[in-house]
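Peer 1: Below is the structure, and that's it, no one-letter string:
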C-alpha cells in the first residue's frame, strides 16, 4: 500500500516504457501515484496521465524555474485545470535560489499568485523550496488557510518545527538513503510519523542502491526501510501511516 506523492511520469525519460513500467510498479505494491506539474506543457500532460491511469492523481502548478516565459493570464488555465476531478493539489510551486541568475522577485510574485489559487480552490499546496528557507516561510506563514507538503524537504529540524506548527507535511524520498544525508535523517527522526509522506521525484533522486539511475515508484521500498530503521518501527507500519497521511492531505476517499 504505497502512495508516491510526488513523481513526474510525464517526463521524456519514460517515453519508451511508461505503460509497462507503471503496470509493473502496481504489481509491486504502488497503489497510488501523484503526478506533479512543473511547466505549462506538464500541466496538460498531467491531465492526460490522470485520465489514462485509474490509480494516478495530479497537481497543477508552475515550478519557480519555469515562470519566466509565462504571462499572469496563464493562472486562468491553472484554475480551469485545477477543477478536474483527479487534480488534488496545486504544485509544484515555490522558490528556488540555487542558481545565481534566479529572478527572486518574479519567483515570489508567482508563488503568491499560485498560493491565491490554493485559497480559491481549497486545494493543498506542494512546495518546492531550495536554498530559499527564510523567504518561503515569510510567504507561507500569513497564509493561514493554506496547508500542504514541503516536497523534498532539505532544511533543518528546527525549521521543520515551524512547518509542523503550520500544519504542513514533509515529503521524504530517496535522499534519506544517501550516506551523507545526516541532516535529513535527523529531521525524519524528529518529525512525527503522521506528518511524513513518501515521494520519489521520479525520474530524479533514486535511492541507494539505485542512485544515479532513473528513479521509479517501486524504489520507495528502500525509502520505507530507511524510515522504518530511523523510527524503529516495521516497514509495513511506515507504508500504512504514510498511505493514510497522503489520502488525508489530498482528500482522497479510500476503499
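Peer 2: Looks like it arrived, so ask away. Note that the coordinates shown come from a computational prediction; the quantities given were computed from them, not determined experimentally.

Peer 1: would you list every one of the helices in the stretch 1-150 of the chain?
Peer 2: Secondary structure of the stretch 1-150 of the chain (DSSP state H, counting those that start in this stretch): helices located at 18-27, 40-52, 74-82, 104-121, 133-140.

Peer 1: out of those, which comes closest to residue 4?
Peer 2: For the helices of the stretch 1-150 of the chain, proximity to residue 4 was assessed by Cβ to Cβ; helix 18-27 is nearest, at 8.5 Å. (Each C-beta comes from the backbone N, C-alpha and C, glycine too.)

Peer 1: So which bits of the closest one are buried?
Peer 2: Neighbour counts over helix 18-27 (16 or more other Cβ atoms under 10 Å) mark 18, 21-22, 25-26 as buried.

Peer 1: do the same with stretch 221-231
Peer 2: 221-224, 226-228, 230-231.

Peer 1: How about stretch 196-216?
Peer 2: Using 16+ other Cβ under 10 Å as the test for burial, stretch 196-216 gives 196-203, 205-208, 211, 215-216.

Peer 1: Nearest to residue 190 among the buried residues of helix 18-27?
Peer 2: Nearest to residue 190, judged by Cβ to Cβ, of those is residue 25 at 30.2 Å.

Peer 1: In this structure the closest one contacts residue 218, no?
Peer 2: Yes: with contact defined as Cβ atoms under 8 Å, residue 25 reaches residue 218; the gap is 4.6 Å.

Peer 1: Quick one: the strands in this protein, in order.
Peer 2: With strands called from DSSP state E, the chain shows them at 2-7, 30-36, 56-60, 87-96, 125-130, 148-150, 169-172, 196-198.

Peer 1: Next, the angle from the second one to helix 40-52.
Peer 2: When axes from the mean of the first three to the mean of the last three Cα atoms, to 10 degrees is applied, the directions of strand 30-36 and helix 40-52 differ by 150 degrees.

Peer 1: same thing with the longest one?
Peer 2: Relative orientation of strand 87-96 and helix 40-52, computed by the same axes, to 10 degrees: 150 degrees.

Peer 1: Export the buried residues of helix 18-27 as JSON lines, with columns for pLDDT and distance to residue 67.
Peer 2: Below are those laid out as JSON lines (pLDDT from 0 to 100; distance: Cβ to Cβ, whole Å):
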{"residue": "18", "pLDDT": "97", "distance to residue 67": "27"}
{"residue": "21", "pLDDT": "97", "distance to residue 67": "30"}
{"residue": "22", "pLDDT": "97", "distance to residue 67": "29"}
{"residue": "25", "pLDDT": "96", "distance to residue 67": "31"}
{"residue": "26", "pLDDT": "93", "distance to residue 67": "34"}
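
Peer 1: Export those to JSON lines and append columns for distance to residue 41.
Peer 2: Below are the buried residues of helix 18-27 laid out as JSON lines (distance: Cβ to Cβ, whole Å):
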{"residue": "18", "distance to residue 41": "16"}
{"residue": "21", "distance to residue 41": "21"}
{"residue": "22", "distance to residue 41": "20"}
{"residue": "25", "distance to residue 41": "24"}
{"residue": "26", "distance to residue 41": "26"}
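
Peer 1: among these, which two are most distant?
Peer 2: 18 and 26 (12.8 Å).

Peer 1: out of the strands of the chain, which comes closest to residue 76?
Peer 2: Across the strands of the chain, residue 76 has its closest neighbour in strand 56-60 (12.1 Å, Cβ to Cβ).

Peer 1: partners of that closest one in the sheet?
Peer 2: Counting by DSSP bridges, the strands paired with strand 56-60 are strand 30-36 (parallel), strand 87-96 (parallel).
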